[in-house]
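>>> Structural data only, the sequence is not supplied:
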């Protein structure tokens, strides 16, 4: 353990941080990722000098992650020893569910989201989906300047979805090499995932028993139409297959997924079936042994008799707004809450993440004045067009001319309650004038998650993004293998890229039946690269995959077509493939 003063590298980083906080130019040797993290914290309105710990109500103390991880972490906690060490568990929203040991850097925070405390190892691990370390001055908070931490993400064993993180925090470590607690954090995360897998198999066994009992009834009589659902798996009896359509099964699965992922206790199992479903459904909860948490739902289906009305599903939500994942629901809920006040709102996120679609939804039926800084070099915002009563939807605020940014800053100084919705895509560092605008709106900003951060929403997005089928053409469906490939793809273009893929397949595919993995574009079919790639490497990987496809997977012909040695092709495939 050491202090920043005892490490030349950390001392230089600490001095650079002080220059950043006081608005002075930074030296050229400060890592870009660190500067980006500091800027992100300032943009989110985090105070570097805050000392009082934040308090978060409604923690998921009954979560499946905590139930599985608690006993594991209790056994591992004594390995921390004595001194300034801490072991923490967070959920996927970076709320601290469990902790043990001393708290380096003052009293323990209850929420490690960047919008609350700035850059930290748990947020970085969840974003990059791999082990991450943050040391001393890399943090934004003053109280963490002598703290080092290492975090490891915890993934759902079945789906690979990130569920949270395990973090080991200590006093500042300036030595080269991994954090001393890295091995403990890795072991803890692996043990938690093993426990989750064991519990998942037990839950599947319970669901299977409930399904068998409902399908055959006492004494193993005639099979009934039964569907069992747990949000991931679907068991369908032969009688149910003959009775219901794929659309009805999809509605049951979607409804069960929403109910079971709800933070509130599941008390109502009222899942609406599509119009013309031809059946009614009776829902029964499947609970853990001993009457514990709800693991799934069993639906017993009966044919509709004359005079029985079947309720229609509500109108589907706009394609780009579909999704029930925690990050997406949290972002949309926060944006809705802020929009109700009628004051300025800034929606940030990567290109194609749905910012404009959400902004229009938040405006309801009101027709805004829409201005797009990407369509014209200057919008002329200083000519009085901002003083009207119509709400203003400003797209691509990052491309505003300086004169327009100055006009907006002046307007917000005079009318802080102006009805403005702006979208912003982070990229190149903003200039001082734009930074002032971002700082003004930071307290009323919402960051939309990238599609790769909510892969579980892809199954809901696919039917919502697909164009309406022409008469006599079945809707687009997908094999399980294709769905898994779509969920693993990083989607650099986010919803825009997914919508283009779906539309292209719907309009141009000649095959019948569900879309197979082999029909997907090469980068999607082959899966993500094993490491982050530079633009040049990404282009090279795409060219190699396209050449492999053209040559039927024959590597010798592919190497010849690319003009490289076969050994070089094998080496590049090892580097670029997952």
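The structure has been received and is ready for your questions. Small disclaimer: the values here were computed from a predicted structure and weren't measured. Numbering: from 1, shown residues only.
>>> Which parts of this structure are strands?
Using DSSP state E, the strands of the chain run over 85-91, 96-101, 132-135, 147-155, 162-171, 226-229, 234-236, 279-287, 294-303, 345-348, 369-372, 392-395, 420-424, 445-447.
>>> Spell out the residue ranges of the helices in the stretch 251-400 of the chain.
For the stretch 251-400 of the chain, the helices defined by DSSP state H, counting those that start in this stretch cover 326-339, 355-363.
>>> tell me the angle the last one makes with helix 326-339.
Interaxial angle of helix 355-363 relative to helix 326-339 (axes from the mean of the first three to the mean of the last three C-alpha atoms, to 10 degrees): 50 degrees.
>>> Thought residue 390 was touching residue 369, still the case?
Yes. Using C-beta atoms under 8 Å, residue 369 makes contact with residue 390 at a distance of 4.8 Å. C-beta: built from backbone N, CA, C; applies to glycine.
>>> where in the stretch 451-578 of the chain is pLDDT low?
In the predicted model, the stretch 451-578 of the chain carries pLDDT under 70 at residues 470-472, 528-533, 535, 577-578.
>>> change it to 80
By pLDDT under 80, the low-scoring segments of the stretch 451-578 of the chain are 468-475, 510-512, 526-539, 541-542, 545-546, 549, 551-553, 574-578.
>>> Just name whatever secondary elements the helix or strand of the chain with the lowest mean pLDDT is in contact with.
Scoring the helices and strands of the chain by mean pLDDT, DSSP states H and E places helix 246-261 at the bottom, with a mean of 73. With contacts taken as 3 or more C-beta pairs under 8 Å, 6 or more residues apart in numbering; DSSP states H and E, helix 246-261 sits against strand 226-229, strand 234-236, strand 294-303.
>>> circling back to that earlier point, so which of the strands of the chain is nearest residue 27?
strand 132-135 (18.2 Å; C-beta to C-beta).
>>> Now residue 352: phi and psi?
phi 80, psi 10 (degrees, to the nearest 10).
>>> Residue 210: what's its closest spatial neighbour, skipping adjacent residues?
Using C-beta to C-beta, 6 or more residues apart in numbering and skipping the chain neighbours, the partner closest in space to residue 210 is residue 286 (4.4 Å).
>>> okay, now that neighbour: neighbour count?
Residue 286 has 20 neighbours, counted by other C-beta atoms under 10 Å.
>>> you'd agree residue 363 is up against residue 391?
Yes. Taking contacts as C-beta under 8 Å, residue 363 lies within contact range of residue 391: 6.1 Å.
>>> Next, count neighbours for the nearest residue in space to residue 544 that is not next to it in sequence.
Spatial nearest neighbour of residue 544, excluding adjacent residues (C-beta to C-beta, 6+ apart): residue 572 at 6.2 Å. Residue 572 is flanked by 17 other residues according to other C-beta under 10 Å.
>>> Contact partners for residue 572?
Neighbour list for residue 572: 540, 541, 544 [criterion: C-beta atoms under 8 Å, 6 or more residues apart in numbering].
>>> Pull the number of nearby residues for the closest residue to the second one other than its chain neighbours.
Closest residue to residue 541 in three dimensions, ignoring its sequence neighbours and counting by C-beta to C-beta, 6+ apart: residue 576, at 4.3 Å. Neighbouring residues of residue 576 were enumerated by other C-beta under 10 Å; the total is 20.
>>> again with residue 491
So residue 491, with other C-beta under 10 Å, has 24 neighbours.
>>> That one: what's it in contact with?
450, 451, 452, 497, 498.
>>> Could you verify my assumption that the second one touches residue 499?
No. With contacts defined as C-beta under 8 Å, residue 451 does not count as touching residue 499, sitting 10.5 Å away.
>>> Just want to know which of these two has more residues nearby.
Comparing residue 451 with residue 499 by neighbour count (other C-beta under 10 Å), the higher total belongs to residue 451, at 28 against 20.
>>> Run a quick check on residue 526 versus residue 545, I expect a contact.
Yes. With contacts counted by C-beta under 8 Å, residue 526 reaches residue 545, the gap being 5.6 Å.
>>> Which one's more surrounded, the two?
Using other C-beta under 10 Å, the more surrounded residue of residue 526 and residue 545 is residue 526, with 23 against 20.
>>> before we move on, the earlier item: of the contacts of residue 491, which is the most crowded?
Top of the contacts of residue 491 by neighbour count (other C-beta under 10 Å): residue 451, with 28 neighbours.
>>> distance of that one from residue 12?
According to C-beta to C-beta, to the nearest Å, residue 451 stands 37 Å off from residue 12.
>>> Residue 138 now?
Taking C-beta to C-beta, one finds residue 138 at 12 Å from residue 12.
>>> Comparing those two, which residue is more hemmed in?
Between residue 138 and residue 12, residue 138 has the larger neighbour count (other C-beta under 10 Å), namely 26 against 15.
>>> pLDDT at residue 120, what is it?
Reported pLDDT at residue 120 in the predicted model: 94.
>>> Kindly apply the preceding question to residue 56 instead.
You'll see residue 56 listed with a pLDDT of 41.
>>> show me what contacts the residue nearest the centre of the chain?
By C-alpha atoms, centre = their mean, the chain has its centre lying nearest to residue 453, at 2.4 Å. Counting by C-beta under 8 Å, 6+ apart, residue 453 touches 127, 327.
>>> In the protein, spot the helix with the most residues.
Selection of the longest helix in the chain by residue count, based on DSSP state H, yields helix 182-216.
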